[in-house]
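> can you look at this prediction? I've put the sequence above it.
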Amino acid sequence: MTSVAPVAQTERIVAIDVLRGFALLGILVANISLFDVADIGAVEQAYDDLVVGPAGAPFMFVFLVFVLNKMMAVFSMLFGAGVLLVTERIESRGGSALRVHYVRNVLLAGIGLLHGLLWFGDILLVYGVCALVLYPLRRLSARALLGAGGAVWLLAFVVESGAEEEYVVRALGMMLVGMGLYRSGVINAGRDAAWYRMAMWRSFVVGLPLCTVAWVFASDDGGEAVASDINNMGVPFMALGYVCLVMWFCSEGWLPRARARLAAAGQMALTNYLMQTVLGVLFIGALNEARGERVTAFWMMLATFAIWAVQLAWSVPWLRRFRFGPTEWAWRSATYRKVQRFRV
């Protein structure tokens, strides 16, 4: 088998890094209220017990309408796109991506197992396992991948399963959609600004009303199941809207400093994702201890902003000195069975 070097720094698609950084910040909004929860069985009660109050209401509105399951869908799309990005680059050099793909994702699943020891809400194990079935599908057309992804997403509405199984099905569905979006040039900045702007508005016009209606049902006693289904109907549209929003901004060249910080955070997404858990568990635990009771939604919002500030501040200077985040460097070195050059 031909030996192939890992993807070079100069080959990165910056718009994908910006999108990944954007989704990374959103993931924290979804997770922040769960860092002091013991296990998945306690999630529903933790939401019921969370004190929102007037100061925390805007944060919870943003979480339920704009974030819940949407940012994870974007991350899943990016993961699927990444499968094609890595395998195509290796194969374009005449190498075989088979070993790299499976070793890379078995290692990712292992990182997820370790992360799960710290916090029950790990997603890396799910991604690593789902990736094992994606490789044989990499040659499918964009239309076939998009159709398969949509069908898998809808399957979760009709198959009787637990929350964890449904989570895996939906992640897999969005990974297939992400592969289709990559193949069609959508998620990798292959369309022009006008296309992204129009696609963004069309997606939000469908997704936003559905997710807003879901929030109304979620505020009613006994309406959680209906709210979840309505929300999940809107999730793919909202996720596509976010993809097009970020690609539109990138294609127009707007907010260059913000994009640079998001791109740096996204380039180190694995390190920053794990760091969110460490900081979140420490921050929320310390706040709970200081208050003598569980923090309110308002304090969780402040903790979110603090972690955002840390991650957006440290990622740029880190990448000025090093080629990868520390976890990315270790992951790549293990994948290619060779210590990667770390310093720039």
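Perfect, I can see it now.

> excluding its own residues, what touches stretch 257-269? List them.
12, 14, 16-25, 249-250, 272, 311-312, 315-316, 318-319, 324-325, 328 (C-beta atoms under 8 Å, 6 or more residues apart in numbering). C-betas here are computed from N, CA, C, even on glycine.

> now intersect those residues with the helices, please.
Counting by DSSP state H, the part of the contacts of stretch 257-269 found in helices is 14, 16-25, 249-250, 272, 311-312, 315-316, 318-319, 328.

> ok, of these, which come out buried?
16-25, 249-250, 272, 311-312, 315-316, 318-319, 328 (16 or more other C-beta atoms under 10 Å).

> how near is the nearest residue to residue 341 once chain neighbours are set aside to residue 92?
Among residues not flanking residue 341 along the chain, residue 323 sits closest, at 6.4 Å (C-beta to C-beta, 6 or more residues apart in numbering). Distance of residue 323 to residue 92, computed by C-beta to C-beta, to the nearest Å: 21 Å.

> and what of residue 121?
36 Å.

> nearest residue to residue 13 in space, please, no chain neighbours.
residue 188 (5.3 Å).

> need phi/psi at the one you found.
Note on residue 188: its backbone torsions stand at phi -120, psi 30 [degrees, to the nearest 10].

> how about residue 51, secondary structure?
coil (DSSP: H, G, I helix; E, B strand; the rest coil).

> that one touches residue 291, doesn't it?
No: between residue 51 and residue 291 there is no contact under C-beta atoms under 8 Å: 10.9 Å.

> at the geometric centre of this structure, which residue sits there?
residue 75 (2.6 Å; C-alpha atoms, centre = their mean).

> state the helix or strand in which it lies.
Residue 75 is part of helix 70-92 when elements are defined by DSSP states H and E.

> in that helix, what's buried?
Under 16+ other C-beta under 10 Å, the buried positions of helix 70-92 are 70-87, 89-90.

> just the mean pLDDT for the next helix or strand after that helix, thanks.
Downstream of helix 70-92, the next assigned helix or strand under DSSP H and E is helix 98-118. Here helix 98-118 scores 96 as its mean pLDDT.

> list the buried residues for the helix or strand just after helix 98-118?
Heading C-terminal from helix 98-118, the first helix or strand you meet, by DSSP H and E, is helix 124-134. By neighbour count with 16+ other C-beta under 10 Å, helix 124-134 contains the buried residues 124-131, 134.

> tell me the angle of helix 124-134 relative to helix 70-92?
On the basis of axes from the mean of the first three to the mean of the last three C-alpha atoms, to 10 degrees, helix 124-134 is oriented at 50 degrees to helix 70-92.

> ok, then the element right after helix 124-134?
Past helix 124-134, the next helix or strand by DSSP H and E is helix 142-158.

> residues in contact with that next one?
80, 137, 140, 166, 169-170, 172-181, 183-184, 229, 232, 236.

> could you do stretch 27-34 as well?
43, 46-47, 50, 59, 62-63, 67-69, 71-72, 75, 119, 121, 273, 276-277, 280, 284, 297, 300-301, 303-304, 307-308.

> ok, residue 49 - contacts?
Taking C-beta under 8 Å, 6+ apart, one finds residue 294 in contact with residue 49.

> pLDDT value on it, please?
For residue 49, the model assigns a pLDDT of 87.
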